[in-house]
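Enquirer: here is my input; please provide its structure:
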Amino acid sequence: MLWVLTATTRSLQRDPQLTEAMTRAFMFADTSVAAEVVEVGGLLERMLTTAMWVDEPSEEDKAIARVIGDVWCPTWWPG
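Expert: I've put the predicted structure just below:
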């Protein structure tokens, strides 16, 4: 899990303008892009549960992934 978060964070740090643009897009997203925001949240959830070495994540695994995602990247997490 730590490796995935570290690698992803480094990737975001390499292009701060792109990271800022993505963050702004999520912060100011309106209802017309709600489906896309939910899709990104699902991708983050799958990325984090996969990093947990979970083949079929339980609801608890998904909840843990959502907490980690919310702390690590609160503007990208739907909810």
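Enquirer: grab the nearest non-local neighbour of the most centrally placed residue in the chain.
Expert: In the chain, the residue lying closest to the centroid (Cα atoms, centre = their mean) is Leu44, at 3.7 Å. Distances taken as Cβ to Cβ, 6 or more residues apart in numbering put Gly69 closest to Leu44, at 4.8 Å, once the chain neighbours are dropped. Glycine gets a C-beta too; all of them are placed from N, C-alpha and C.
Enquirer: give me the pLDDT value at that neighbour.
Expert: Listed pLDDT for Gly69 reads 82.
Enquirer: which residues in this protein form helices?
Expert: Ranges of helices in the chain, per DSSP state H, are 2-14, 16-27, 34-51, 59-72.
Enquirer: tell me the residue furthest from the middle of this protein?
Expert: Within the chain, the residue lying farthest from the chain centre (Cα atoms, centre = their mean) is Ser32, at 19.7 Å.
Enquirer: wait, what's in contact with it?
Expert: Contacts for Ser32 (Cβ atoms under 8 Å, 6 or more residues apart in numbering) come out as none.
Enquirer: again, but for Cys73
Expert: Contact partners of Cys73, counting by Cβ under 8 Å, 6+ apart, are Leu44.
Enquirer: and it, how far from Asp55?
Expert: Going from Cys73 to Asp55 by Cβ to Cβ, to the nearest Å gives 24 Å.
Enquirer: also Glu36?
Expert: On the measure of Cβ to Cβ, Glu36 and Asp55 end up 27 Å apart.
Enquirer: what about the two, which has more around it?
Expert: Just comparing Glu36 and Asp55: by other Cβ atoms under 10 Å the higher neighbour count belongs to Glu36, 13 against 6.
Enquirer: looking at this structure, which helix or strand does the model trust least?
Expert: For the chain, counting by mean pLDDT, DSSP states H and E, helix 16-27 ranks last in confidence among helices and strands (a mean of 83).
Enquirer: now that one: buried residues?
Expert: Residues of helix 16-27 classed as buried: 22, 26 (neighbour count, 16 or more other Cβ atoms under 10 Å).
Enquirer: now stretch 65-72
Expert: Buried residues in stretch 65-72, counted by 16+ other Cβ under 10 Å: 65-66, 68-69.
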